[in-house]
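A.B. asks: mind looking at a prediction? Sequence and model below.
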Amino acid sequence: MFVLAVTDHAVRPFTETTIKPHTTGYQINLNRADANTLSLLPGIGASLGQRIVAYRQTQGRFKHIDQLTQVNGIGPRTVDRFRAWATCDDWAQNKTDGNLSDRR
């Protein structure tokens, strides 16, 4: 059973085997998503979304969500606010980018 019908390489639907407690039914891949998609996370606006993308471009892929605290303006409390909605997993490694604006 899918909780979210929209699928994209930056946003993954939960199945019964991937559902985590206290989630809204989707996860954003921090290593694939563009700034606009990242801004969907609680506490992350357009500016922080752009900083996350810039950090990823200079420092490489995130291995763990807590690495986001190395991005200027993101602290542990901010990360805790969206931890359930974000992932660093390589579940979409065969896709080309993380831009949701191409989906209509």
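C.D. replies: Ah, there it is.
A.B. asks: CA atoms for contacts and neighbours, from now on please.
C.D. replies: Noted.
A.B. asks: distance of Trp85 relative to Thr78?
C.D. replies: Distance, Trp85 to Thr78, using Cα to Cα, to the nearest Å: 12 Å.
A.B. asks: out of the two, which sits in the busier spot?
C.D. replies: Between Trp85 and Thr78, counted using other Cα atoms under 10 Å, the more crowded position is Trp85 (21 against 16).
A.B. asks: tell me how many other residues surround the residue nearest to the more buried one when sequence neighbours are not counted.
C.D. replies: Leaving aside its sequence neighbours, Trp85 sits nearest to Gln27 (Cα to Cα, 6 or more residues apart in numbering; 4.4 Å). The burial count assigned to Gln27 is 21, neighbours taken as other Cα under 10 Å.
A.B. asks: run through who's touching the lengthiest helix in the chain.
C.D. replies: Of all the segments of type helix in the chain, defined by DSSP state H, the longest one is helix 46-59. Outside of helix 46-59, the residues that reach it under the criterion Cα atoms under 8 Å, 6 or more residues apart in numbering are 31, 34-39, 62, 68, 71-74.
A.B. asks: and those residues, which of them are buried?
C.D. replies: Buried subset of the contacts of helix 46-59 (neighbour count, 16 or more other Cα atoms under 10 Å): Asn31, Asp34, Ala35, Asn36, Thr37, Leu38, Ser39, Phe62, Leu68, Ile74.
A.B. asks: could these go into JSON lines alongside pLDDT and secondary structure?
C.D. replies: Written out in JSON lines, the entries for the buried ones among the contacts of helix 46-59 read as follows (pLDDT from 0 to 100; DSSP: H, G, I helix; E, B strand; the rest coil):
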{"residue": "Asn31", "pLDDT": "95", "secondary structure": "coil"}
{"residue": "Asp34", "pLDDT": "96", "secondary structure": "coil"}
{"residue": "Ala35", "pLDDT": "96", "secondary structure": "helix"}
{"residue": "Asn36", "pLDDT": "95", "secondary structure": "helix"}
{"residue": "Thr37", "pLDDT": "94", "secondary structure": "helix"}
{"residue": "Leu38", "pLDDT": "95", "secondary structure": "helix"}
{"residue": "Ser39", "pLDDT": "93", "secondary structure": "coil"}
{"residue": "Phe62", "pLDDT": "95", "secondary structure": "coil"}
{"residue": "Leu68", "pLDDT": "96", "secondary structure": "helix"}
{"residue": "Ile74", "pLDDT": "96", "secondary structure": "coil"}
